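Visitor: pasting a predicted model and its sequence here:
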2 protein chains.
Amino acid sequence: MTGPRGGVLELAVLGSLHETPLHGYELRKRLNTLLGMFRAFSYGSLYPCLRGLLNDGFIVEEEPPEETVIGRRSKIVYKLTAEGKERLHELLTQAGPSAWEDESFGIHFAFFRHTEAEVRLRILEGRRSRLEERLEGVRTALARTRERLDSYTLELQRHGLESVEREVRWLNELIDSERRSTTAPPATDEGSIPAGPDQPQAAQETPQRAEKPQTDK
Amino acid sequence: MTGPRGGVLELAVLGSLHETPLHGYELRKRLNTLLGMFRAFSYGSLYPCLRGLLNDGFIVEEEPPEETVIGRRSKIVYKLTAEGKERLHELLTQAGPSAWEDESFGIHFAFFRHTEAEVRLRILEGRRSRLEERLEGVRTALARTRERLDSYTLELQRHGLESVEREVRWLNELIDSERRSTTAPPATDEGSIPAGPDQPQAAQETPQRAEKPQTDK
DNA sequence: CGGCCGATGTATCGCTCCGATACATCTGCA
DNA sequence: TGCAGATGTATCGGAGCGATACATCGGCCG
């Protein structure tokens, strides 16, 4: 691994470039729209990451389609290579803590379209148990606390617990949905993993929101 | 500023030690219970921070009460100094981006008990507009997006938007509550800032959850 | 009585990523 | 014409996480 890129960025970049070639600025905007509610990537990590991916041969700078010239080009358009696609598939196949921690779960989820059903399920379940052990930890620690807490601290706790509980419920719906759509089709050969590194379709099987809108307050 | 501590940790440590002296291990547990749903502090940042605070004179190692000995002590109990209290008050007085960004808002809120009412209000409002501009940004970016998104990306967006909208509603309730409890009391002299660095009581004025318990499922 | 395991406790190192910043070019508009 | 704001590439310093090392203590089981 040449460049010092690691963790989250690599998947984010490779995944985005898999859809279409992009240049840095565009890439960042794309990513921050995709994950804007959860995190915001910065150039300070994006460009080093691109450099690393470049000299590992996972991406290349693309020629502009000739003739576009007015002055000289200043854009640098990056494009996924075959090795890059392979690397992307490798990253999408791993279901481990690195897929369901706070910082990374969003990215993995955003590219679920390209992820095998079995891996999707394991990531969702991993995320759920991560959150549940966090709930458990805080709840028991709270129960053991002798001294009474002030109302602000209490309110913060309450809000935090509620948020995490909501996310667990959300995950439950998603997991149900995944189970329903993977066990429903006629059980073809169970053992083999179906997808190659570059299946271009496979964008079906919607998560289908399950509950009614709940009238929300 | 001697030690390389900055940002969030400093407030977290000083605020915790303001309640009662603690040693590192205990301090970390305390903090991770307090903010367990939002973040988890690590020794890798805690100990350097303590060292920095030590040689800036904001905290000192406390003598064990003599005679406790069996072998030699291994605990190092830290205690806030007068300068430390002053520093804490200084940190609690600043209402700026450093108070309402994602990483820091939780800590500031957790110590609202020691924060002046006016500052509390400005922090809550700052946080709210931060979230609202995030909503705005993502919404318009979404609206401008030509290509249709796959169902997973869509679901992620929906979940993210909903979560942030919920937090905004939560902040609205808190802000209302703050307004009600600060304008209700007879308007004593408005200009002067009442609290010194070391008021030990001042734990009143509850945020009073506004809504009925909502039967929470 | 002895040994071991898990909780308590202090400490460091490498690494990822953010925030601020600098600087250049392109575009619309007054 | 000129300038303000969007587009675009790039770097630097620093915060804080995760893993890890290592030492001590208390309790439990054989």
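Guide: Sure, I can see it. If you're wondering where the values come from, they're calculated on a predicted model, not measured in any experiment. Numbers count the residues shown, from 1 in each chain, chains lettered A, B, ... in the order given.

Visitor: so chain A: which segments form each domain?
Guide: What the record gives for chain A is the domain set A:8-65+A:75-103, A:116-183, from automatic domain parsing.

Visitor: so which of those gets nearest DNA strand D?
Guide: Comparing the domains of chain A by their distance to DNA strand D (C-beta to the nearest atom of the strand), the top pick is domain A:8-65+A:75-103, with 2.9 Å. (C-beta placed from N, C-alpha, C; glycine too.)

Visitor: the closest one near chain B at all?
Guide: Yes. Contact check for domain A:8-65+A:75-103 against chain B, using C-beta under 8 Å from any C-beta of the partner chain: residues in range are A:29, A:33, A:34, A:35, A:36, A:37, A:38.

Visitor: quick one: the strands in chain A, in order.
Guide: For chain A, the strands defined by DSSP state E occupy A:22-23, A:59-62, A:77-80.

Visitor: which residues does the second one contact?
Guide: Looking back up the chat, that one is strand A:59-62. Surrounding strand A:59-62, the residues in contact under the criterion C-beta atoms under 8 Å, 6 or more residues apart in numbering or on different chains are A:13-14, A:17, A:21, A:50, A:53-54, A:76-81, A:84.

Visitor: if we go to 6 Å?
Guide: Under the contact criterion C-beta atoms under 6 Å, 6 or more residues apart in numbering or on different chains, strand A:59-62 has outside partners A:21, A:53, A:76, A:77, A:78, A:79, A:80, A:81, A:84.

Visitor: swap in the shortest one?
Guide: Contacts with strand A:22-23, where a contact means C-beta under 6 Å, 6+ apart, come from A:75, A:76, A:77.

Visitor: again, 8 Å this time
Guide: Counting by C-beta under 8 Å, 6+ apart, the neighbours of strand A:22-23 from elsewhere in the structure are A:16, A:30, A:75, A:76, A:77, A:78.

Visitor: tell me where the model's unsure across chain A.
Guide: A:1-6, A:63-74, A:183-217 (pLDDT under 70).

Visitor: one more time with 50
Guide: Low-confidence segments of chain A, defined by pLDDT under 50, are located at A:1-3, A:66-71, A:189-217.

Visitor: just the helices in it please.
Guide: If DSSP state H is used as the criterion, the helices of chain A fall at A:8-19, A:24-34, A:43-55, A:82-93, A:97-100, A:102-110, A:117-144, A:151-183.

Visitor: counting by contacts, list what the longest one packs against.
Guide: The elements that helix A:151-183 packs onto, with contact taken as 3 or more C-beta pairs under 8 Å, 6 or more residues apart in numbering or on different chains; DSSP states H and E, are helix A:117-144, helix B:102-110, helix B:151-183.

Visitor: looking at those helices, which is buried most?
Guide: For the helices and strands packed on helix A:151-183, the stretch with the most neighbours on average is helix B:102-110, a mean of 20; neighbours defined as mean count of other C-beta atoms under 10 Å in any protein chain shown.

Visitor: and the angle for it with helix A:151-183?
Guide: Taking axes from the mean of the first three to the mean of the last three C-alpha atoms, to 10 degrees, helix B:102-110 and helix A:151-183 form an angle of 140 degrees between their directions.

Visitor: and helix B:102-110 with helix B:24-34, angle?
Guide: In terms of direction (the same axes, to 10 degrees), helix B:102-110 departs from helix B:24-34 by 90 degrees.

Visitor: ok so, going back, in TSV, list the domains of chain A along with distance to DNA strand C.
Guide: Shown next, in TSV, are those (distance: least, C-beta to the nearest atom of the strand, whole Å):
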stretch	distance to DNA strand C
domain A:8-65+A:75-103	2
domain A:116-183	10
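
Visitor: and those as TSV, adding distance to residue B:8?
Guide: TSV is the format used below for the domains of chain A (distance: least, C-beta to C-beta, whole Å):
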stretch	distance to residue B:8
domain A:8-65+A:75-103	16
domain A:116-183	15
